[in-house]
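Undergrad: dropping the sequence and predicted coords here.
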Amino acid sequence: MEFIDTHAHLDFEYEDGITPQQIVKEAFDNHVTKIITIGSDPKSLKKIRDIADSFENVYYSLGIHPHEAKDFNSDIEREILTLKDKKCVAIGEIGLDFFYEHSPRGVQKRVFVKQINMAQELGLPVIIHIRDADAESYDILKNEFKDFCNGVVHCYSGTKEQLKKYLDLGMSVSFTGIITFNKSLNVQEAAAYSPKERIMLETDAPFLAPVPYRGKKNYPKYIPLIAKKLSELRKETIEQVAEYTTSNAVKFFSLN
Ligand SMILES: [Zn+2]
Ligand SMILES: [Zn+2]
């Protein structure tokens with residue numbers, strides 16, 4: 001069995017003394033053979049590329065999270081273009097977060113559109129973060145991509161009905177440890193419903209550790225726990241989940 005963690009933040013804080021070397025090794029020991037470390041903070045874009053460059057099977061994405069949209073400027077745009085090399089597999093995470101609203105809504109929207117356009121020019125897929133902003137995000141995606149959006153809604157936490165709208169745009173979806181939480185009935189229903197050609201797995205480490213580690217730091221090595229839960233929800237075997245989620249991720253991000 002082989003899994004891919006399509007969304008982790010290897011540059012963030014983990015438990016004391018735990019290095020990216022250890023995190024990646026433990027992931028590999030648990031069948032998680034590839035990891036994508038995700039851009040979010042303008043100050044750490046170079047750092048995530050350096051982390052990816054130090055491991056054969058770690059890739060990266062570049063982008064500014066909606067929380068930090070207020071810090072986006074032309075220097076950062078240039079930096080993204082400069083840092084992008086062959087292991088950069090997407091632009092992200094980008095999107096709208098109206099729950100925390102760390103950046104004003106109008107700024108978030110403008111920076112979201114700007115980064116979508118950068119991805120289109122670079123020919124890269126987009127990794128989308130949406131929280132409490134489904135209607136606005138959908139409108140932007142529909143408007144910018146017209147008939148087909150080469151994007152993934154990461155850390156899906158909405159309903160089946162909302163998911164159907166994103167799928168109709170051509171998008172994929174990735175699920176985190178949220179599907180292992182008891183009260184996440186909506187997300188569990190969405191996970192059971194998604195067509196298998198569109199599903200990928202992610203931890204969003206260090207956040208959102210799956211049960212039984214809920215509340216602690218999360219690591220890419222926990223992907224099999226999320227896969228196990230997904231297999232139960234979908235009445236499949238974990239081997240089947242491993243096979244299609246891995247092949248979807250390889251295709252979506254053009255991993256080799
Ligand atoms: Zn996110
Ligand atoms: Zn994230």
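TA: Everything's here; your move. Ligands and ions are numbered 1, 2, ... in the order given.

Undergrad: so the nearest residue to residue 15 once chain neighbours are set aside is in which element?
TA: Counting by Cβ to Cβ, 6 or more residues apart in numbering, the nearest residue to residue 15 once its immediate chain neighbours are dropped is residue 217, at 5.5 Å. In this view, the C-beta of every residue, glycine as well, is placed from N, C-alpha and C. Per DSSP states H and E: residue 217 is located in neither a helix nor a strand.

Undergrad: is it correct that residue 217 is in contact with residue 16?
TA: No - using Cβ atoms under 8 Å, residue 217 is not in contact with residue 16; the gap is 10.3 Å.

Undergrad: the two: which is more packed in?
TA: Higher neighbour count among residue 217 and residue 16: residue 217, with 16 against 5, using other Cβ atoms under 10 Å.

Undergrad: quick one: residues contacting residue 158.
TA: 130, 134, 186-187, 190 (Cβ atoms under 8 Å, 6 or more residues apart in numbering).

Undergrad: go on, residue 59?
TA: 34-37, 52, 87-89, 253, 255 are the contacts of residue 59 under Cβ under 8 Å, 6+ apart.

Undergrad: at 7 Å what do you get?
TA: 36, 52, 87, 89, 253, 255 (Cβ atoms under 7 Å, 6 or more residues apart in numbering).

Undergrad: one more: residue 76?
TA: Applying Cβ under 7 Å, 6+ apart, the residues near residue 76 are 42, 64.

Undergrad: tell me the SS of the closest residue to ligand 1 within the stretch 101-250 of the chain?
TA: Residue nearest to ligand 1 within the stretch 101-250 of the chain: residue 129 (3.5 Å; Cβ to the ion). Three-state assignment for residue 129 (DSSP: H, G, I helix; E, B strand; the rest coil): strand.

Undergrad: same question, residue 36
TA: Once three-state DSSP is applied, residue 36 turns out strand.

Undergrad: quick one: it from residue 154, how far?
TA: Residue 36 sits 10 Å away from residue 154, going by Cβ to Cβ, to the nearest Å.

Undergrad: show me the contact partners of stretch 142-156.
TA: 7, 93, 113, 116, 125-130, 141, 163, 166, 169-176, 178, 187, 190, 200, 202, 204, 252.

Undergrad: direction included, what does the longest strand belonging to the chain pair up with?
TA: As assigned by DSSP state E, the longest strand anywhere in the chain is strand 88-97. In the sheet, strand 88-97 lines up against strand 58-62 (parallel), strand 126-131 (parallel) (DSSP bridges).

Undergrad: show me what the closest residue to residue 248 other than its chain neighbours is bridged to.
TA: Once flanking residues are discounted, residue 248 sits nearest to residue 200: 5.4 Å by Cβ to Cβ, 6+ apart. Listed beta-bridge partners, residue 200: residue 174 (assigned using DSSP bridges).

Undergrad: hang on, residue 200 packs against residue 247?
TA: No - the pair residue 200 / residue 247 is not scored as a contact, 10.0 Å apart, by Cβ atoms under 7 Å.

Undergrad: okay, the two: which has more neighbours?
TA: A count of neighbours by other Cβ under 10 Å puts residue 200 above the other of residue 200 and residue 247, at 25 against 15.
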